[in-house]
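Chemist: Fold the stuff below for me.
(one chain, ligands or ions: 1)
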Amino acid sequence: MKKGKKLYEGKAKILYAAPEKGFAIQHFKDDATAFNNLKKSTIEGKGILNNRISEHILSSLNHIGIETHLVKRINMREQLVKLVEIIPIEFIVRNIASGSLTKRLGIEEGTVLEKPLLEFCYKNDSLEDPLIAREHIYAFNYCDMATLDRITKKCYRINDFLQGMFKAIEIKLVDFKLEFGLTKLEEDGSPVVKILIADEISPDTCRLWDATTDKKLDKDIFRKDLGNLIEGYQEIARRLGILHEQSNISPIKFTKPTAVKIKKK
Ligand code: 5GP
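Modeler: Numbers count the residues shown, from 1 in each chain. Alright, predicted model coming up:
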């Protein structure tokens, strides 16, 4: 598929215009950044693994009726996605205390939360994605009340589904970040605004621990210099059943892509 002009370049991905209006091509880079770009590296194969893992997770969500921007994976590094208007909020769902929650409130790392905790951060790199309250969202019109209520429900539902999915492969879903976008469609002749999961869901955006050993299999390997990031991501792909046993980074051998059924709008 021929890529059009570059629409946006982020830390780990590039978005290009797709041949058809309303769609984009999302390209996964090998770049890794942490601590708001203070730590940077290029890790060969990371983009390929995230493309494949995110495809698997987003298409599973599409299948159970939680709509995402993913249309299909095009190649090793690219996906065809629906173009959406991104809501400038990062939705963080936490099941176990880790990362910024432990630092902010002094809660011990690994504390299992009584129920999932949803946090909102304003998506703004120069402000370091600050934590915000629902009231900030309304005050500065980042998202309307009805949309925020619908997204809140979706976040808990996505958490239930993903927790189950990872539990089945002996992985604890510690926390994760979601981004949502809006797209306007016509349904029965009238305009409808759809809320779609955007961006990616991958070991770059989730904390994933081995259920028995609590070994970190996610981007914390890079953030905290815990070893080989690719080995962690490959382990996740292998357990999800999308990576052949014993493959090294080059070449990464994946099982055949699963057919993605797109619901007719
Ligand atoms: P924390 O707030 O503890 O740093 O992050 C909570 C969760 O959200 C972690 O799984 C982390 O990977 C994810 N997360 C939060 N902000 C970002 C971000 O800007 N980029 C990425 N890739 N993940 C994020």
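
Chemist: going forward, measure contacts and count neighbours with C-alpha atoms only.
Modeler: Noted.

Chemist: list the helices and strands the lengthiest strand in the chain packs on?
Modeler: Secondary structure of the chain per DSSP state E: the longest strand is strand 171-187. Using 3 or more C-alpha pairs under 8 Å, 6 or more residues apart in numbering; DSSP states H and E, the elements in contact with strand 171-187 are strand 85-86, strand 89-96, helix 145-167, strand 190-198, strand 206-210.

Chemist: For the stretch 101-250 of the chain, which residues are neighbours of the ligand?
Modeler: Residues of the stretch 101-250 of the chain that fall close to the ligand, judged by C-alpha under 6 Å from any ligand atom: 101, 175-177, 204-207.

Chemist: ok, 8 Å please
Modeler: 101-102, 123, 125, 129, 174-178, 203-208, 218-220 (C-alpha under 8 Å from any ligand atom).

Chemist: Tell me, how many residues neighbour the closest residue to Ile201 other than its chain neighbours?
Modeler: Leaving out its chain neighbours, the residue that sits closest to Ile201 by C-alpha to C-alpha, 6 or more residues apart in numbering is Ser54, at 5.0 Å. By other C-alpha atoms under 10 Å, the residues close to Ser54 number 22.

Chemist: how close does Ser54 sit to the ligand?
Modeler: 12 Å (C-alpha to the nearest ligand atom, to the nearest Å).

Chemist: Next: Ala237.
Modeler: 17 Å.

Chemist: Please verify my assumption that that residue contacts Leu49.
Modeler: Yes - using C-alpha atoms under 8 Å, Ala237 makes contact with Leu49 at a distance of 7.4 Å.

Chemist: List the strands paired with the longest strand of the chain, with their directions.
Modeler: strand 85-86 (antiparallel), strand 89-96 (antiparallel), strand 190-198 (antiparallel), strand 206-210 (antiparallel) (DSSP bridges).

Chemist: Using a markdown table, lay out those strands together with mean neighbour count.
Modeler: Listed next are these as a markdown table, based on neighbours: other C-alpha atoms under 10 Å:
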| stretch | mean neighbour count |
| --- | --- |
| strand 85-86 | 16 |
| strand 89-96 | 22 |
| strand 190-198 | 17 |
| strand 206-210 | 22 |
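
Chemist: Closest residue of the stretch 1-150 of the chain to the ligand?
Modeler: Gly99 (3.4 Å; C-alpha to the nearest ligand atom).

Chemist: nearest residue to that residue other than its sequence neighbours?
Modeler: Glu109 is the one closest to Gly99 (C-alpha to C-alpha, 6+ apart), at 7.7 Å.
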